[in-house]
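J.: Below is the sequence, then the predicted model.
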Protein chains: 2
Amino acid sequence: MASSLMALPPLLGAVGLGFAYLLYTMVMKYPEGEASIKKIADQIHLGAMVFMKREYSILVVFVAVIVALAWMFLGASTAIAVVTGALSSSIAGWLGMYAATKANVRTATAAKGEGAASALTVAFFGGSIMGLCVASLGLIGLGGLFWFLGGEVHSLEGFGVGASSVALFSRVGGGIYTKSADVGADLVGKVEAGIPEDDPRNPGVIADNVGDNVGDVAGMGSDIFESYCGAMIATIAIAATMTGVTGQAELLILPLVLASVGLISSIAMIFVVRKRSDQAPAAALRTGTLGAPLIFVALAFVVIKAMGLGTEIWLAVVAGAVGGVIVGLVTEYYTGGAPVVKIARSGETGPATVMITGLAVGMQSVVLPLLAIAGIVFVSTWLAGLYGVGIAAVGMLSTVGITMAIDAYGPVADNAGGIAEMGGMGKEVREITDSLDELGNTTAAIGKGFAIGAAALAALAIIAAFVETVSHHKDGFDLELSDPQVIVGLFIGGTIPLLIASLTMTAVGDAAFDMINEIRRQFREIPGLLEGKAEPDTAKCVDIATQAALKRMMLPGTIAVLAPPLVGFLISPEALGGMLAGGLLGCVLMALMMANAGGAWDNAKKHVEKGNLGGKGSPTHAAVVVGDTVGDPFKDTSGPSMNILINVMAIVSLVIAPLL
Amino acid sequence: MASSLMALPPLLGAVGLGFAYLLYTMVMKYPEGEASIKKIADQIHLGAMVFMKREYSILVVFVAVIVALAWMFLGASTAIAVVTGALSSSIAGWLGMYAATKANVRTATAAKGEGAASALTVAFFGGSIMGLCVASLGLIGLGGLFWFLGGEVHSLEGFGVGASSVALFSRVGGGIYTKSADVGADLVGKVEAGIPEDDPRNPGVIADNVGDNVGDVAGMGSDIFESYCGAMIATIAIAATMTGVTGQAELLILPLVLASVGLISSIAMIFVVRKRSDQAPAAALRTGTLGAPLIFVALAFVVIKAMGLGTEIWLAVVAGAVGGVIVGLVTEYYTGGAPVVKIARSGETGPATVMITGLAVGMQSVVLPLLAIAGIVFVSTWLAGLYGVGIAAVGMLSTVGITMAIDAYGPVADNAGGIAEMGGMGKEVREITDSLDELGNTTAAIGKGFAIGAAALAALAIIAAFVETVSHHKDGFDLELSDPQVIVGLFIGGTIPLLIASLTMTAVGDAAFDMINEIRRQFREIPGLLEGKAEPDTAKCVDIATQAALKRMMLPGTIAVLAPPLVGFLISPEALGGMLAGGLLGCVLMALMMANAGGAWDNAKKHVEKGNLGGKGSPTHAAVVVGDTVGDPFKDTSGPSMNILINVMAIVSLVIAPLL
């Protein structure tokens, strides 16, 4: 039974990719609009491709080093797996970015010519392509590799290292890029040159718009891809250690089968959302978020039973799927509910109280998601041991197709708004894109919470696989908390998230500085630029900002990759285990705190800008703008870096586990 | 040998208390100054006593409940120990506060009549009384109890619960009080009524000055007292489980003997600092910070050898003493060195960059202290097992007499400045008190770092004792990190520090609101107050602020006390162990981050106020003031609460360990 299923995941992945292409052709049928609009859109599209090319050209070197090391110490199969993982994630990111930057202008034009319903369709299809690419390429890459490698499960872990390398560059480098481009463009344009936001004379404006795609489409995609494949790899690795258990073959293939089922559920829901979105867009998106897990768990029950596995396995899957929804809903509350109004009100007494209230909200927002994750761990291990944790993570992540679709819809709508503004498409178009964008912000908050919860559970599964693998190779290995080695590791692991958060927050300012110098240079050296008689060199700005960001991600990236071998080899595997536990805890706490505080500050600003508490231009508005400015690197740079950090550390540890 | 040493600690404690009285008489010989000055000082003194009375009257009820529970479930000896611990800490706090609020006015008057050297002497003696009271009452209380109880070591742990209860009220309640009084007085006085800071017409000004003593004298004292005794209790508890080890009797008494040696070193250094302070005050205080551990480890070597114990025990003590100094020096760098200038510079681009830079500095500042603590754990357990961790903590904390003296000197100098301002004592006096205050800020930063390091190590020792105790009662108990129960506990434990930080930060704003209403009422209802013809009811303000603060510490306090029994009994002892590890990690990270970010923001503001980067009134100044306002609850309320939180959770767990 099990071996006949081997071909299913990559085949279904290919089907998913076909659907993505179908959506792409549907998007491309919408008109691109007038020449002036098309020109702006082309610049954003080309800018995004400049970023990707620059990023991937450094990534190739980075991956080549890892491949060489993997080949030397772990053999050819692992090296091949690393390449496959890196390629799968890169292609998913590239395709998604390509489609998203084609959909944005068509969303704006559809808003003008056909109204809100069509605009929503284009934007949602644009995001769905990214969602389907992530889910499909995960299945093709990992499923294909699993099929190809047959029984040699340990090499599979190389796939995770490849995926994590891409995530490191896309999410950490991209996160630094997006915020430094934003800050640089605003500072020179608005403050120094005195021209409005999104003004086409500003050489940095395209870089800024590219940033939205880089961070929220490609970055988020690589993050989810990493967790998605990480969860499957960890579960397979745990299953591989369960020699002698009945149904081991089925347990080995189950993660890939469930992900296939999840892809089918996602495709189904994409069409449901599309159908319902004409009447009530907000409700339609919510149907997608809640409906896909529902269909998924129903189908999963049938599949698990058909494979002859027990109900307890299915219940663990349900625990993961339900937990993901809970984490998402809690995030929605903290970044959209009463706490946001509270932060906005605290703006009446100045920026300091905005900071205090926002930080307090962020800190409080970690409690329920962490209890939810603890609940999943508790229930799933009680049901099915360590394998339960892994399969729960797979359950949470199987419906990434639709989750990622709803998530990536936001930046497409956001970009459409930017294009409408730059191209002077009128107030009505802007109103439509604004309403789509607002909807996107809420769904993005849920997506971010989901991404953190998923990353945490995936990392936990990988850590469990690490412990199992080391125990397999080393007799008497245990992670006793009263062992000083473990405590030392725990303390080291706890500091790393704070160090990385500190480095990435500082990196935004430093990288923005390079961008600022370039924009200043263009204003100085290109005659007639400020008068609108000459064109800015926008590609150069994108390139400078990309270089600056990638340069500044090297130190945090290196720390993430080197910490596990350093602690593992120089201290002990026990210390490494402790480090992973401390790192996991620190990363989850920081990721949730930063994402939710940042999201809440952002929405508090929007709340005031809607005319509440004095509206735009009031002292309260000035105060909440400070909150939003601090929140930007929180939610778009440092916070998301935490997901990557813990997964990189975990997967590197798992790969080096047999050498320890 | 060992039993003949039993009487030594309480006797030496009595000697230390005698020295404290000697210093008190020396302080009282200095003149109090003119009637108008005396009146202000009396109000602060009485206000401080009002706070203490109000606090202790609620504390009595709280302790009574705990005593009743302890008597019921753990027997009479534990109940007696709780009372002794609470009494010892309360008396130390009361005496220290009493003396500090007598020394402040005499410092101001000495600055006027006799100059800087005399002023420093009075302020330092004022602080030293608190230092000696903490060290001596710890020895009298704990040493006396140990002597009285003889072999019944487990009951001793009740002493820690008593000490922690006082710390909870003094440090958490006091922390909320001090900042809400500050905010309340400033907001109504400066902003609404338009009168200057420290203006005697403001009904809240005395409450504000009382706050400095409440937070930095009594609060800090109870914090250090808790760690000091906690470390000793934990080490004794660990020694008690080492049945069959040669020298067990000596190992049992060693913590108290070392603390006695530390007290002698502290008394010696107090006189050295006094002698050297005429020439170079800064160097003199530094001599005290570094010299006392040096004398201590030398004497400790002699004592340990005389008791027939091995050199490895001594080396563990050295590791603790050296580690404490390192943590202090790192704190000094982050709150006084290049990072401060960097934060001040970031003020040139507004408050948002001040926030980002300050948070980044705070996050980065946790790395080295945590590595230092990890190093202590590593070295001391390698030398002497779990006992090593305990005795290292004792080594770090033995010189609390001088550390606390230098620490408490700061608020005395600060208060002297406030009195000089309120009493119109002239610019020259203010300059002297300002220079003393500045010196105090640096030493206070070192003291705060030390307090966190000490709390962490003490908590770790208590947790180790908890694990040993549970293992003693329950076969097969271990804290395996791959046990889901432990992971669930770890996650729960990690959220608690963030929740408490969130609650305490919010509490400051809420409590300030009650104070604001009272000040507004007085301005409204007392005719002629604003014209200076009537007197404000300052005691009422102190009382209102005290009540408001104590009310708001109930929820965080209850969470800290109830979390261990809830998790321990409802889930499992394994989950409780995991919770303590997660809580410890979270508390240390948050405590360091908040204390150092807060201290750095404070000093960045002072840096600008000295005339750098545009000086007072510039936009840069406005930006760094925002940082300082956010930093206030960070460093004086939420940050210090973390020390208490982890120690309360640890000691409660240790006490309930045999019941699990």
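T.: Now that the structure is in, tell me what you want to look at. What you see is a predicted model, and the numbers here were worked out from it, not measured in a lab. Residues are numbered from 1 along each chain as shown, chains lettered A, B, ... in the order given.

J.: just checking, next helix/strand downstream of the lowest-mean-pLDDT helix or strand in chain A?
T.: When the helices and strands of chain A are scored by mean pLDDT, DSSP states H and E, helix A:427-473 comes last with a mean of 86. The helix or strand immediately downstream of helix A:427-473 is helix A:484-525, counting by DSSP states H and E.

J.: How about the residues of the stretch 51-200 of chain A by chain B?
T.: Within the stretch 51-200 of chain A, the residues that sit near chain B (CB under 8 Å from any CB of the partner chain) are residue A:187. All C-beta spots, glycine's among them, are computed from the backbone N, C-alpha and C.

J.: need the contact list for the residue in the stretch 51-200 of chain A that chain B sits nearest to.
T.: Residue nearest to chain B within the stretch 51-200 of chain A (CB to the nearest CB): residue A:187, separated by 7.9 Å. Residues in contact with residue A:187 (CB atoms under 8 Å, 6 or more residues apart in numbering or on different chains) are A:512, A:516, B:349.

J.: Adding pLDDT and distance to residue B:471, write the residues you listed out as JSON lines.
T.: Shown next, in JSON lines, are those (pLDDT from 0 to 100; distance: CB to CB, whole Å):
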{"residue": "A:512", "pLDDT": "87", "distance to residue B:471": "54"}
{"residue": "A:516", "pLDDT": "88", "distance to residue B:471": "60"}
{"residue": "B:349", "pLDDT": "88", "distance to residue B:471": "56"}
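
J.: Return the member of the residues you listed nearest to residue A:27.
T.: residue A:512 (33.0 Å; CB to CB).

J.: hang on, isn't the closest one packed against residue A:186?
T.: No: between residue A:512 and residue A:186 there is no contact under CB atoms under 8 Å: 9.3 Å.

J.: Of those two, give the one with the bigger neighbour count.
T.: Shown here are residue A:512 and residue A:186; by other CB atoms under 10 Å in any protein chain shown, residue A:512 has more neighbours (25 against 19).

J.: what sits against that one?
T.: With CB under 8 Å, 6+ apart, residue A:512 has these contacts: A:179-181, A:183-184, A:187.

J.: May I ask which of those has the most neighbours?
T.: Counting neighbours by other CB under 10 Å, residue A:181 leads the contacts of residue A:512 with 34 neighbours.

J.: got the contact list for that residue?
T.: Contacts of residue A:181 by CB under 8 Å, 6+ apart are A:204, A:207-208, A:210-211, A:512, A:515, A:541-542, A:545.

J.: in which helix or strand would I find it?
T.: Going by DSSP H and E, residue A:181 is part of helix A:174-186.

J.: Now do that helix against helix A:484-525, angle only.
T.: 30 degrees (axes from the mean of the first three to the mean of the last three CA atoms, to 10 degrees).

J.: just checking, next helix/strand downstream of helix A:174-186?
T.: helix A:205-213.

J.: mean confidence for the host helix or strand of residue A:340?
T.: Under the criterion of DSSP H and E, residue A:340 resides in helix A:338-346. Taken as a whole, helix A:338-346 carries a mean pLDDT of 95.

J.: near chain B, anything from the following helix or strand past it?
T.: Once the chain leaves helix A:338-346, the next helix or strand it forms, by DSSP H and E, is helix A:351-364. Yes: Helix A:351-364 reaches chain B (CB under 8 Å from any CB) through A:351-353, A:355-357, A:359-361, A:363-364.

J.: Let's have the residues you listed in JSON lines, adding neighbour count.
T.: Formatted as JSON lines, these follow (neighbours: other CB atoms under 10 Å in any protein chain shown):
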{"residue": "A:351", "neighbour count": "31"}
{"residue": "A:352", "neighbour count": "23"}
{"residue": "A:353", "neighbour count": "21"}
{"residue": "A:355", "neighbour count": "31"}
{"residue": "A:356", "neighbour count": "23"}
{"residue": "A:357", "neighbour count": "27"}
{"residue": "A:359", "neighbour count": "29"}
{"residue": "A:360", "neighbour count": "27"}
{"residue": "A:361", "neighbour count": "26"}
{"residue": "A:363", "neighbour count": "26"}
{"residue": "A:364", "neighbour count": "22"}
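
J.: Which one of those residues is nearest to residue A:407?
T.: Nearest member of those to residue A:407, counting by CB to CB, is residue A:361, at 22.0 Å.

J.: thinking that closest one is in contact with residue A:597, fair?
T.: Yes: Residue A:361 lies in contact with residue A:597 (CB under 8 Å); the separation is 6.2 Å.

J.: Show me the shaky parts of the stretch 551-660 of chain A.
T.: Of all residues in the stretch 551-660 of chain A, none has pLDDT under 70.

J.: Can you tell me the closest non-neighbouring residue to the residue of it found nearest chain B?
T.: Nearest residue of the stretch 551-660 of chain A to chain B (CB to the nearest CB) works out as residue A:629 at 3.6 Å. The shortest distance from residue A:629 to any non-neighbouring residue, by CB to CB, 6 or more residues apart in numbering or on different chains, is to residue B:352 (3.6 Å).

J.: Could you point out the helix or strand that follows the helix or strand hosting residue A:52?
T.: Applying DSSP H and E as the criterion places residue A:52 in helix A:35-74. From helix A:35-74 onward toward the C-terminus, using DSSP H and E, the following helix or strand is helix A:76-113.

J.: Next, the angle from that next one to helix A:174-186.
T.: Using the same axes, to 10 degrees: helix A:76-113 against helix A:174-186 is 40 degrees.

J.: when you compare where helix A:76-113 runs with where helix A:427-473 runs, what's the angle?
T.: Going by the same axes, to 10 degrees, helix A:76-113 makes 170 degrees with helix A:427-473.

J.: For chain A, which residues score under the pLDDT cut-off?
T.: In chain A (pLDDT under 70), the answer is A:1-3, A:151.

J.: Any idea which residue is closest to the centre of it?
T.: residue A:220 (2.4 Å; CA atoms, centre = their mean).

J.: Any figure for the gap between that residue and chain B?
T.: Residue A:220 sits 22 Å away from chain B, going by CB to the nearest CB, to the nearest Å.

J.: Would you agree that residue falls within a strand?
T.: No: the assignment for residue A:220 (DSSP: H, G, I helix; E, B strand; the rest coil) gives helix, which keeps it out of a strand.

J.: starting at the chain centroid, how far to the strand or helix carrying residue A:22?
T.: For residue A:22, the enclosing helix or strand under DSSP H and E is helix A:8-29. Centre-to-centre, helix A:8-29 and its host chain are 21 Å apart (CA atoms, centre = their mean, to the nearest Å).
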